[in-house]
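> here is a sequence together with a model predicted from it:
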There are 4 protein chains.
Amino acid sequence: MTSKLIAIVAGVGPGTGASIARKFAATYPVVLLARKPESYESLANEINQSGGKAIGVSADVADSASVKNAVEVIKKEFGADVGAAAAIYNASGGFLRKPFLEIPEEVFSTSLDTSAKGGFNFSQATLPLLLKGVEQKSQHPPSLIFTGATASVKSNAQMASFATGKWALRALSQSLAREFGPQGVHVAHAIIDGVIDIPRTKEWLKDLGPEYKLSPDGIANDYWWLHTQPVTNFTWEIDLRPAVEKW
Amino acid sequence: MTSKLIAIVAGVGPGTGASIARKFAATYPVVLLARKPESYESLANEINQSGGKAIGVSADVADSASVKNAVEVIKKEFGADVGAAAAIYNASGGFLRKPFLEIPEEVFSTSLDTSAKGGFNFSQATLPLLLKGVEQKSQHPPSLIFTGATASVKSNAQMASFATGKWALRALSQSLAREFGPQGVHVAHAIIDGVIDIPRTKEWLKDLGPEYKLSPDGIANDYWWLHTQPVTNFTWEIDLRPAVEKW
Amino acid sequence: MTSKLIAIVAGVGPGTGASIARKFAATYPVVLLARKPESYESLANEINQSGGKAIGVSADVADSASVKNAVEVIKKEFGADVGAAAAIYNASGGFLRKPFLEIPEEVFSTSLDTSAKGGFNFSQATLPLLLKGVEQKSQHPPSLIFTGATASVKSNAQMASFATGKWALRALSQSLAREFGPQGVHVAHAIIDGVIDIPRTKEWLKDLGPEYKLSPDGIANDYWWLHTQPVTNFTWEIDLRPAVEKW
Amino acid sequence: MTSKLIAIVAGVGPGTGASIARKFAATYPVVLLARKPESYESLANEINQSGGKAIGVSADVADSASVKNAVEVIKKEFGADVGAAAAIYNASGGFLRKPFLEIPEEVFSTSLDTSAKGGFNFSQATLPLLLKGVEQKSQHPPSLIFTGATASVKSNAQMASFATGKWALRALSQSLAREFGPQGVHVAHAIIDGVIDIPRTKEWLKDLGPEYKLSPDGIANDYWWLHTQPVTNFTWEIDLRPAVEKW
């Protein structure tokens, strides 16, 4: 692995973010962003010990100062001129299925802030690095990929606190795709329509069989595929779901 | 006008909000919400002098305490048990068409907060009154109507700060429509796709002719039409544009 | 009723088409199109006896010659120069919910032809009359309204034979709205999302209560509302469903 | 190449269809469908001479008898029990940009029939082979992929004759994805949003530069990527456009 360009993954935990980080770490040094060190430490160790390079940085994406600080740490580590080949926004607001009138304002705000403001902060912080990746002639078009959900396109009853942020994030990704595509940056959005097979969902749908859950490694492969599309064939949006999913 | 039910209009200025308020004031006492008294004072006077009833309340919809205070003022005026026949959210985040990397965080946040958090605050404050309107057997199903824009369904380059909030507001309206429709409240969303003919846009498209702008009184009629749909025939969403508009 | 302009309704039976015809007959002479006289005869009588004017014409909308013949009949009755204030396409392809591999080709073709080719034939036949309505300064913008369904925007398993035609019809209406709006004709599309309360569905959802079905008279009111929108405020699409409908 | 499963490509010419056929021919024997032998002969020769296997079959997809005959030819060549790993519908209706009232009925019908009825005929003919591919445990989930266009989701003025068929084809693909996904067949739809760089479009956008056209080999790679998605991670729809495309 000799790339000077890096990949940045926000929202790393023991699930999809880790799969994405491992996939991109096969080609790029990766930066792992999460609120707490316990979310990225073992993954960073794993990648570093298996021949890749990874650093973890504690950051709250909803807080612009925290995101700016993370960029400073990245520049200290990789040089002030570092370019990025990929930036992946996998953070997500919380999820409280409850009658609307019982949703506390803080729950709504926190979810919206993580999805929408977090997406804004992350994009403003990483797009300059992705544009440098364009200048530095990255092999694949530098890519900014957002993780969406069923709730990015359908806003169900009692799901307003989650869906508002997800719709906002999808709007952000569409606007950025239109603005930065002509500048050589590939902005994409993935609608994950189903339960992902990660530690947190271990007990979910257990009786139905493993084919009822999305593979996080499969998602990582799909993001890698998006990343390797040439500049003539950019996909803005894909949906992803298990074959057996009802939709 | 003998209705004990009221109509509440947020985002009242010299434009669409005023047209909506006048239309609903023909049937209901109306409450006019705006940040500053100069936005509602002359309109309230006009309605009161022409045989209707209107009160203005200063409120910042993005601030939940301010919205809650407005409800207290309403209850003082109309009784603690007051029900609402209509609540119309016509407030909107700002609009700064600029390269994404030049958008200040405050601009993004303010626009998002006005559209998304404002919509949340207004809905949490007015839905209890609309549900009382159902109990009190309002003639037409109590209605919660949101004003959207082209940017509610299309997120163009350099428009992220406006579109994120508008997509979020549309998501909010869809979720509420699904949750509160079965409880008898009609939640609707109007995509205003074009320039509205209001004082602020007087100089816009001037050379093209008046048919290039939406009529604010026409919009008010459309909202009234939505309000009068029976419980068997609810429309969640309409689009509205001049016949000559390119889309 | 002194209008020289007429309204034309295709797909008249004992249900929605009849409600629409009655509504528009209060203002315009109406032409009722159906494949068989028994579908329009009693309705024409009813309208004529209650002070309106109606004629029925037998026509198969999927057959362009049959539609052209209907226009000849109309011109014989109302004059070669007759203009139309409204043309409403309420015909619909059939509905066979079955595994895709068991759908006979004829079923697919007939459904597609009724929705898509029928819509094409009807539009080509009536748009010249609607454009004459514009010339003759109709009070409300001449309107071409299409009846859609849930299957116009969602194509469920085993519903391909119905949905293909409905999606095609929606595409037709959108293209026509964009082409003929600037010429003064209002083209609209209504997504009827639920069961309509008509004789054929009398037994459906019976145990749930009347609020579970759309009112056909309500739909007719909604079409009339679309028709009366001014040229500055055209709606292309509305959705309509019972408040209690799950969606 | 030892696969007993085949790939079938409809709509083979000197453009996208040829790229797709070459890509899939690296793994599967391919069947090339086109109306006329000159559309597939040199491609079949090329594939056969470079170590692959290809046969061409003359077929008009809009004619169900012709498609059924093609299946008979396939079974004669590959055995009555042959299974398919992939079936790709790349045929498309014609394109006549003209005022709606000047579109001849035959143009509308032919375009609709090629897209919608052709898609129906092709799907009914190939799905039994794809289901056999499931039984025969194909390495990748057997895939039915449809080529769409900008006009699959947007129906512009003067484009009704093309868009109706494309919307219908998209509806078909969505319904089939929902019905056959749970049976192990991956149904997908690609929105090609831009000009493809093929012989027919050689002169188009010439002055702008090669990055203004989609690469047909790139599209073939994208279809192959769709084909290799595991059963837990199916994408129904992707969009594809040049980075510089306005949308």
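In hand now; what should we look at? Residues are numbered from 1 along each chain as shown, chains lettered A, B, ... in the order given.
> any idea how far chain D is from residue A:120?
Going from residue A:120 to chain D by C-beta to the nearest C-beta, to the nearest Å gives 22 Å. For glycine as for every other residue, the C-beta is placed from the backbone atoms N, C-alpha and C.
> check which helix or strand covers that residue.
helix A:118-135 (DSSP states H and E).
> is any part of that helix close to chain B?
Yes: Helix A:118-135 is in contact with chain B by C-beta under 8 Å from any C-beta of the partner chain, via A:120-121, A:123-124, A:127-128.
> swap in stretch A:192-209?
No: if you take C-beta under 8 Å from any C-beta as the test, stretch A:192-209 misses chain B, and the best it gets is 16.0 Å.
> straight-line length of that stretch, end to end?
With C-alpha to C-alpha, to the nearest Å as the measure, stretch A:192-209 spans 19 Å from end to end.
> and for stretch A:11-28?
Its start and end residues considered, stretch A:11-28 measures 18 Å (C-alpha to C-alpha).
> give me the buried positions along that stretch.
A:11-13, A:15-25, A:27-28 (16 or more other C-beta atoms under 10 Å in any protein chain shown).
> so which of these are in helices?
Counting by DSSP state H, the buried residues of stretch A:11-28 place A:16-25 in helices.
> how about those in a markdown table, adding pLDDT?
Output for those, formatted as a markdown table (pLDDT from 0 to 100):
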| residue | pLDDT |
| --- | --- |
| A:16 | 96 |
| A:17 | 97 |
| A:18 | 97 |
| A:19 | 98 |
| A:20 | 98 |
| A:21 | 98 |
| A:22 | 98 |
| A:23 | 98 |
| A:24 | 98 |
| A:25 | 98 |
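> tell me what residue A:87 is bridged to.
residue A:8, residue A:144 (DSSP bridges).
> between helix B:160-180 and the helix of greatest length in chain A, find me the angle.
Longest helix of chain A, by residue count under DSSP H: helix A:160-180. Helix A:160-180 and helix B:160-180 are oriented at 150 degrees to each other (axes from the mean of the first three to the mean of the last three C-alpha atoms, to 10 degrees).
> re earlier: and the buried residues of stretch A:11-28, which is closest to chain C?
residue A:16 (27.7 Å; C-beta to the nearest C-beta).
> for that closest one, give me its contacts.
Residue A:16 is in contact with A:90, A:147, A:192, A:196, A:198, A:216, A:219-220, counting by C-beta atoms under 8 Å, 6 or more residues apart in numbering or on different chains.
> hmm, which of these is lowest in pLDDT?
Lowest pLDDT among the contacts of residue A:16: residue A:198, with 92.
> ok, how many other residues are close to it?
19 (other C-beta atoms under 10 Å in any protein chain shown).
> helices of chain A, start to end?
Using DSSP H, helices in chain A cover A:16-25, A:37-49, A:64-78, A:105-112, A:118-135, A:160-180, A:216-228.
> from the ones you listed, which stretch is densest packed?
Among these, ranked by average contacts under mean count of other C-beta atoms under 10 Å in any protein chain shown, first place goes to helix A:160-180 (a mean of 28).
> okay, the angle between that helix and helix B:105-112?
Using the same axes, to 10 degrees, helix A:160-180 lies at 130 degrees relative to helix B:105-112.
> touching chain D at all, helix A:160-180?
Yes: for helix A:160-180, a contact with chain D is found by C-beta under 8 Å from any C-beta, at residue A:178.
> next, the angle from that helix to helix A:118-135.
With the same axes, to 10 degrees as the basis, helix A:160-180 and helix A:118-135 are set at 20 degrees to each other.
> run the contact check for helix A:160-180 versus chain B.
Yes: using C-beta under 8 Å from any C-beta, helix A:160-180 reaches chain B at A:160, A:163-172, A:174-176, A:178-180.
> and that helix, what's its mean pLDDT?
97.
> what's it packed up against?
When contacts are defined as 3 or more C-beta pairs under 8 Å, 6 or more residues apart in numbering or on different chains; DSSP states H and E, helix A:160-180 packs onto helix A:105-112, helix A:118-135, strand A:143-149, strand A:186-192, helix B:160-180.
> ok, the residue of chain A most remote from its centre - contacts?
Going by C-alpha atoms, centre = their mean, the residue of chain A most distant from its centre is residue A:101, 30.7 Å out. Shown in contact with residue A:101 (C-beta under 8 Å, 6+ apart): B:124, B:127-128.
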